[in-house]
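*Asks:* A structural model of the following input is requested.
(one chain, ligands or ions: 1)
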Amino acid sequence: MNTLSVKITDNLHYIGVNDRETHLFENMWPLDNGISYNSYLIDGEKTALLDTVKITKVDNLLSKLTGILGDRKLDYLVIHHMEPDHSGSIKSVVDMYPEVTLVGNKKTQDFLEAFYGITGNFLEVKEGDSLDLGDRKLTFYMTPMVHWPESMVSFDDKDKILFSQDAFGGFGALDGPIFDDEINWDFYESETRRYYSNIVGKHSKQVQMAIKKLEKLEISMICPVHGPVWRSKPEKIIELYDKWSKYDTDEGVVIVYGTMYGNTSIMAETIARVLAEEGIKNIKMYDVSKTHVSHIINEVWKYKGLILGSCTYNNGLFPPMKHLVNVIQMNNMRNHILGVFGSYSWSGGAVKSLRGFAETCEYDFIENVVEAKCSPTVEDLDKCAEIAKEMAKRLKA
Ligand SMILES: Cc1cc2nc3c(=O)[nH]c(=O)nc-3n(C[C@H](O)[C@H](O)[C@H](O)COP(=O)(O)O)c2cc1C
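*Replies:* Predicted coordinates for the structure are as follows:
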């Protein structure tokens, strides 16, 4: 099989692959637009493969690798991150090039043995160590928990390229374009933020630490393991990751409701209408049973206002809403103004649960809540309008 590789600079090639078959990333997050697993090959005085791809795509990777290397041997395989979407093909590469030296940190070595039973031919690197490739040198910086404990990045002193593993990556297959100046960023921005909010955002504190650590480098290009190669404006993706990891949000409101028979959605419609009357331009409304939580939290990460409404189900939250609340907590989402509402028919429970959630997440909570019995009354809808007005007031404050 002869598949496409793309030259990035002299002796540096993109040999990543696209995956449009997998439905769910981590068997959980929808890949409506696919994903790329990026791998890079240096073929200068020494040869080095930087990260591999998911095992389902190993043939494609090996074909590109051998296509460029020809009779040359592979000197190094640098492992920036051990999550199987990048480490899955390591064993196949080692089988093909048994003399290759694997490069990683102490935790990488531990995972290599635990995942794949691989020992030996390993070069351990620590913070600030360099790997001499003859005509260029890679220097390593540890970025623990961006996205796993062993995660690390490397910086190429010759072309000033940062190999950033999951950091600065995004969802979305590379449908022809590889570089940031070739892509339609309107599409990729949302997919990149969805990747951030779904996968990396939980570790925002560590992302901030990594950005601070890398500030001193003069980065001219970023090669992540997902999404486009940032050769034109690497500062753009650094700025966005900086903004998202600081929980810096835009003016707007995400309304999410859970309903079985429509009563709770009537309340949501009222809230949305009043927000519009109050001058809020960005209003995103979702039925929690229909839109996957992945897309909802992408919007929640973007906007400061969050209004959650739920019907009562077995004394508590409607299960899909319970799942959303769990994911918001799990991903450690912060810096929101929160309003809640709900409905019930006998003893209630949904609004009480949403209040409980508000207490755990330290959001700016709008105290005037409303819980309608069965179908909302005019008074209930007036109270919904009050939540919307208070939200608009706080957003504009
Ligand atoms: C399966 C099921 C379980 C429910 N459990 C409760 C409950 O535990 N407590 C309660 O007060 N209402 C309960 N309800 C009533 C609904 O919460 C109530 O009718 C609500 O207004 C429905 O809102 P919706 O029209 O937006 O779906 C339940 C309804 C269903 C269908």
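
*Asks:* Please, which helix or strand holds the nearest residue to Lys281 once chain neighbours are set aside?
*Replies:* Leaving out its chain neighbours, the residue that sits closest to Lys281 by CB to CB, 6 or more residues apart in numbering is Gly252, at 7.2 Å. All C-beta spots, glycine's among them, are computed from the backbone N, C-alpha and C. Here Gly252, judged by DSSP states H and E, is contained in strand 250-258.

*Asks:* Likewise for Phe155?
*Replies:* Applying DSSP H and E as the criterion places Phe155 in strand 152-156.

*Asks:* could you point out which element follows that strand?
*Replies:* Using DSSP H and E, the first helix or strand after strand 152-156 is strand 161-165.

*Asks:* looking just at contacts, which helices and strands does the helix or strand that that following strand is followed by meet?
*Replies:* Going down the chain from strand 161-165, the next helix or strand is helix 185-195, by DSSP H and E. Counting contacts by 3 or more CB pairs under 8 Å, 6 or more residues apart in numbering; DSSP states H and E, helix 185-195 packs against helix 234-245, helix 293-302.

*Asks:* Just give me how far the last one sits from the chain centre.
*Replies:* Computed by CA atoms, centre = their mean, to the nearest Å, the chain-centroid distance of helix 293-302 equals 11 Å.

*Asks:* Given the strand holding Phe155, what are its sheet partners and their directions?
*Replies:* Strand 152-156 has its sheet partners listed here by DSSP bridges as strand 137-142 (antiparallel), strand 161-165 (antiparallel).

*Asks:* can you put those in a markdown table and add mean pLDDT?
*Replies:* Formatted as a markdown table, the entries for the strands paired with strand 152-156 read as follows, by pLDDT from 0 to 100:
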| stretch | mean pLDDT |
| --- | --- |
| strand 137-142 | 98 |
| strand 161-165 | 98 |
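
*Asks:* Return the most buried member of these.
*Replies:* strand 161-165 (a mean of 27; mean count of other CB atoms under 10 Å).

*Asks:* right, is stretch 307-314 up against the ligand?
*Replies:* Yes: against the ligand, stretch 307-314 shows contacts by CB under 6 Å from any ligand atom at Cys311, Thr312, Tyr313, Asn314.

*Asks:* Among these, the buried ones, what's the PyMOL command?
*Replies:* Selecting the buried subset of the residues of stretch 307-314 next to the ligand in PyMOL, with 16 or more other CB atoms under 10 Å as the burial test, is done by:
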select buried, resi 311+312+313
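
*Asks:* Let's verify the nearest residue to Phe122 once chain neighbours are set aside: helix, strand, or coil?
*Replies:* Distance criterion CB to CB, 6+ apart; nearest residue to Phe122, sequence neighbours excluded, is Leu102 at 4.9 Å. Following DSSP: H, G, I helix; E, B strand; the rest coil, Leu102 is assigned to strand.

*Asks:* Was I right to think Leu102 contacts Leu112?
*Replies:* Yes: Leu102 is within contact range of Leu112, at 6.8 Å (criterion: CB atoms under 8 Å).

*Asks:* Find residues that contact each of the two.
*Replies:* Ile79, Ile90, Ile118, Phe122 (CB atoms under 8 Å, 6 or more residues apart in numbering).

*Asks:* Need the phi and psi values for the third one.
*Replies:* Comment: the main-chain dihedrals of Ile118 come out as phi -90, psi 120, following degrees, to the nearest 10.

*Asks:* For it, give me its contacts.
*Replies:* Counting by CB under 8 Å, 6+ apart, Ile118 makes contact with Ile90, Lys91, Val94, Leu102, Leu112.
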